[in-house]
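Provided below are the primary sequence and the corresponding predicted coordinates.
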Amino acid sequence: MRCSSTLGPLAPFALFILVTYSVDDISSAYAFSFVPHVNPINSKLRSTVSVAPHLGKTAQWMNSKDDTDVMTTSDLNFSEDGESEDKKAPNSKNNALELAVAMKEQAARARLEAERLEATLTLEKIISLEDKLIKIGKNSSNKKLEEREDIIKQIEILTNKVNPPNAALLKRSLPPSGNSLESNKSTSGVNTLSKRTPLSPEDVAVAAASFEKLPSRIQTLLAQAVGYYSGNLNSTDVVLKLYEQQDELLLDSSTWNKPKNTIKFISSDGKEVTGQEIFDLSDIMQDAEQGQLERFVESFFPSTTRKAGEAPTFEDAELFSREVLGNSAFNPTGKPEYIPGGFLIRGSNKMEDAKSMIDALDKSFEKSGSLKDKLSFYFVQDPTPDAMDDMENLFGVPVIVLFGKDLAPDRNSLLLTLVSLSSLGLMYFFSISAFADTQAVVQRLEDANAVANYDVEWFNALIFPLFGPILLTQCAHEAAHIGIAWRDKFKSSVPTLLPGFYMPFYGSVTSLKTPVKDVRSLFDFALAGPAVGIALSLALLFVGLQNTAVIDNASYSSLPSLSVGFLHLSSLGSGLVEGVLGDILQSADVAGAKIPLHPFAIAGYVGLIVNALNLLPIGSTDGGRISVAVFGRNGHILVQGLTMLILFGSSFFGADPQNLFLGYGIFAFFTQRELEIPCRNEIDDLDFARVVVAIATWVVVALTLVPVT
């Protein structure tokens, strides 16, 4: 009842679709119990139900051997529910005979009309199957290809069923609407409904808003019911069409006694409005399986692997399987399977290891002609839901996936440049704000302003030793990335600096433009940047603290400062500060108290935290790449979920008073949540030494980012 009151003019269709959509949980008899609430449709349904017993008795009388047999009154008179009424039977035998002849003629016409309707539906079914055949196409999964063969067989059977004479008779005698119910409304006692009163703009707006709140599957079915089969749906247009055509949409009564998963819509022109033969449970299950496959693949690989127009065709995948794989290096065990953006080939590696197999396949791939310009291949763990059902292999068996040639991200150079410039601006502003509580500097600026002396070269000289080293730590970070990319012959994008929240910046975003050869190369690329950045930051921090400890009083009064609360963000950083300067943090009364430090110390402290944040295992960050190299893509998804839970949980439960983790988590989610593009070889494991380095790196990250309580 809530749905009916909310949807207004859409209630009849929403109720039926909702009932049909839930056929797995309720019986068809219960589903049709909602129909009486749909007045325009209900009137037609009642007329069909009431005439059914009459047609049954008439058919029995027509099949008798002697056509001159006299029908009894019980055979000729019926009440509303089809029961005989002896009291209303005619007393005259002649009247009975005349009525019998009329009934016989009516039955003959009904039988002829039934034959014509059957021929109509058969032709429409052929057209529907052909449309479905076109939609499936040749570039499909194995299940779709099997469905294609079944459809072809069905079309052949139906074509043989419709012979030329019937087709000619159909064209000559059918009414323009193609629906016998419409042409027989006046004879069957169903009055033509008057044209509906137009909806007010307010009603249309309410109905359109309600339509948009429906599940996408139901929106699609309602739109298809009025002829919208593709493209973006306009809610207002669909609502108006549904309102105008609701008298023409009715249930096919031949499906009432069928299983609940064979309910279908029939429109006034005899066509099935969903564009499919039958909306059944198998369709829902197939859609659910396809949706699950898409979610798995999209969580495994970034959107750049699914670029429009870049995906290989099924013919390309078959050609690759036949000419490149062969039986020498990789033995395929089936046809290519469709996945979003490409295809998957299952089989077994016949070489000593994955590297040897990739090298052998590369030689065949280079000889494949134009195929090498159309696609790229990768040896990875199974990215489909089948991996979850494999009890022997924790994260699925190795498979080959095929994607388009171009996996480079689409970048808006102007926008990314503006983002980087804004980050540099925030970095400079942070450097200025570090002197906000330095009384000697503030007083000198006020004195210069009082005499209109705007020469601030001396102030820039104070700022640069802070701004320069902060930028230097990030430049060293990116230089290390570039060095590994040059060594292993792959390309990365120009880095984009990310503006920070409470920090001057959150590091940078660097994407891979071409695939890395294996997880070892990915590990080295990911670790090199933060490792160099952390090493340089620690050196700056230590040197800056040493200079702070020995600086003269005059210079000390001009030093920038950080609050005790900021210095408590890092256990490792604050530990170094107290290790060199003594219990300076413990002696401060409040978290807002300022601690003067040499610019190098502040730059090193900031660089330490920023590089540690970049090592958190999230998406395609450096930490995310390391996680993929160590745990695989399946394992990384679990680690990433745990990391995000800790980040947001620490902010909500008071462990992150400065909201550092919350800010970084939000930025990482919107800018780097997708995983990196696949490596050519993700099957060969990391060596033990790299695993040890990864563990040691995450220990340093934990010490750096755990705040002082």
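Cool, got the structure. In this text the structure is predicted, and so the values were computed from the model without any measurement. Numbers count the residues shown, from 1 in each chain.

then stretch 369-384 to CSV, C-alphas only?
Provided in CSV are the C-alpha atoms of stretch 369-384 (Å, rounded to 0.1, in the frame of the first residue of the first chain):
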residue,chain,number,x,y,z
GLY,A,369,51.1,-9.7,-37.1
SER,A,370,48.5,-7.1,-36.3
LEU,A,371,47.4,-8.9,-33.2
LYS,A,372,50.2,-7.4,-31.1
ASP,A,373,48.9,-3.9,-31.9
LYS,A,374,45.3,-4.8,-30.7
LEU,A,375,45.8,-6.4,-27.3
SER,A,376,48.1,-7.1,-24.4
PHE,A,377,48.2,-10.3,-22.2
TYR,A,378,48.9,-10.9,-18.5
PHE,A,379,49.5,-13.9,-16.4
VAL,A,380,47.5,-13.3,-13.1
GLN,A,381,45.4,-15.0,-10.5
ASP,A,382,41.8,-15.8,-11.4
PRO,A,383,39.9,-12.5,-11.1
THR,A,384,36.4,-14.1,-11.4
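
buried sites along it?
371-372, 374-384 (16 or more other CB atoms under 10 Å). Heads up, the C-betas are built off the backbone N, CA and C, glycines and all.

and for stretch 314-328?
314, 316-317, 319-321, 324-325.

can you tell me which of these end up in helices?
314, 316-317, 319-320 (DSSP state H).

nearest to residue 226 among the buried residues of stretch 369-384?
residue 384 (36.1 Å; CB to CB).

residues in contact with the closest one?
Residues in contact with residue 384 (CB atoms under 8 Å, 6 or more residues apart in numbering) are 293, 296-297, 337, 339, 344, 396.

residue 537 is in contact with residue 600, correct?
No: in this structure, residue 600 is not within contact of residue 537 by CB atoms under 8 Å, at 10.1 Å.

of these two, who's got more company?
Using other CB atoms under 10 Å as the criterion, residue 600 and residue 537 rank with residue 537 on top: 30 against 22.

now do the SS call for the nearest residue to that one once chain neighbours are set aside.
The shortest distance from residue 537 to any non-neighbouring residue, by CB to CB, 6 or more residues apart in numbering, is to residue 607 (3.3 Å). Classification of residue 607 using DSSP: H, G, I helix; E, B strand; the rest coil returns helix.

what residue lies at the spatial centre of the protein?
With distances taken as CA atoms, centre = their mean, the chain has residue 295 as the residue nearest its mean C-alpha position (5.9 Å).

per-residue confidence for that one?
As predicted, residue 295 sits at a pLDDT of 88.

all strands of the stretch 201-350 of the chain, in order?
250-251, 265-266, 330-332, 337-339, 342-345, 347-349 (DSSP state E, counting those that start in this stretch).

thought residue 526 was touching residue 630?
No: taking contacts as CB under 8 Å, residue 526 lies outside contact range of residue 630: 10.2 Å.

more neighbours: which of those two?
residue 526 (29 against 20).

pLDDT wise, what is that one at?
pLDDT, residue 526: 96.

for burial, what's the neighbour tally of the closest residue to residue 207 other than its chain neighbours?
Excluding its sequence neighbours, the residue lying closest to residue 207 (CB to CB, 6+ apart) is residue 239, at 4.5 Å. Using other CB under 10 Å, residue 239 is surrounded by 27 other residues.

let me know the helix or strand that residue 403 is in.
strand 398-404 (DSSP states H and E).

ok, and what's touching that strand?
For strand 398-404, using CB under 8 Å, 6+ apart, the contacting residues are 301, 305, 307, 310-312, 316-317, 320, 325, 330, 336, 339, 341-347, 349, 354, 374-383, 678, 683.

pLDDT score assigned to residue 486?
96.

can you check the one 10 residues further on too?
On pLDDT, residue 496 comes in at 93.

how many neighbours does it have?
That count, for residue 496 with other CB under 10 Å as the rule, works out to 20.

next: residue 343.
26.

got the contact list for the residue nearest to residue 306 when sequence neighbours are not counted?
Distances taken as CB to CB, 6+ apart place residue 341 nearest to residue 306, at 3.5 Å, with adjacent residues excluded. Residues counted as contacts of residue 341 (CB under 8 Å, 6+ apart) are 297, 301, 305-307, 310-311, 403-404.

so what pLDDT did residue 341 get?
With respect to pLDDT, residue 341 scores 92.

measure the residue nearest to residue 537 to residue 435 for me?
19 Å (CB to CB, to the nearest Å).

so between these two, which is more surrounded?
residue 607 (29 against 21).

check contacts around that one.
The contact partners of residue 607, by CB under 8 Å, 6+ apart, come to 469-470, 473-474, 533-534, 536-537, 540.

low-confidence regions, the chain specifically.
1-96, 133-145, 161-196, 215-217, 227-233, 246-287, 327, 390-391, 394, 587-592 (pLDDT under 70).

top helix in it by residue count?
Per DSSP H, the chain has its longest helix at helix 93-136.

packing partners of the very next helix or strand once past that helix?
Remark: after helix 93-136, the chain's next helix or strand is helix 142-161, criterion DSSP H and E. Here helix 142-161 touches helix 93-136, going by 3 or more CB pairs under 8 Å, 6 or more residues apart in numbering; DSSP states H and E.

helices and strands around the helix it packs on, which ones?
helix 39-62, helix 73-76, helix 142-161, helix 164-173, helix 180-183.

any chance of the contacts of residue 607 in TSV with secondary structure and distance to residue 207 as columns?
Listed next are those as TSV, based on DSSP: H, G, I helix; E, B strand; the rest coil; distance: CB to CB, whole Å:
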residue	secondary structure	distance to residue 207
469	helix	62
470	helix	57
473	helix	58
474	helix	54
533	helix	57
534	helix	59
536	helix	63
537	helix	60
540	helix	64
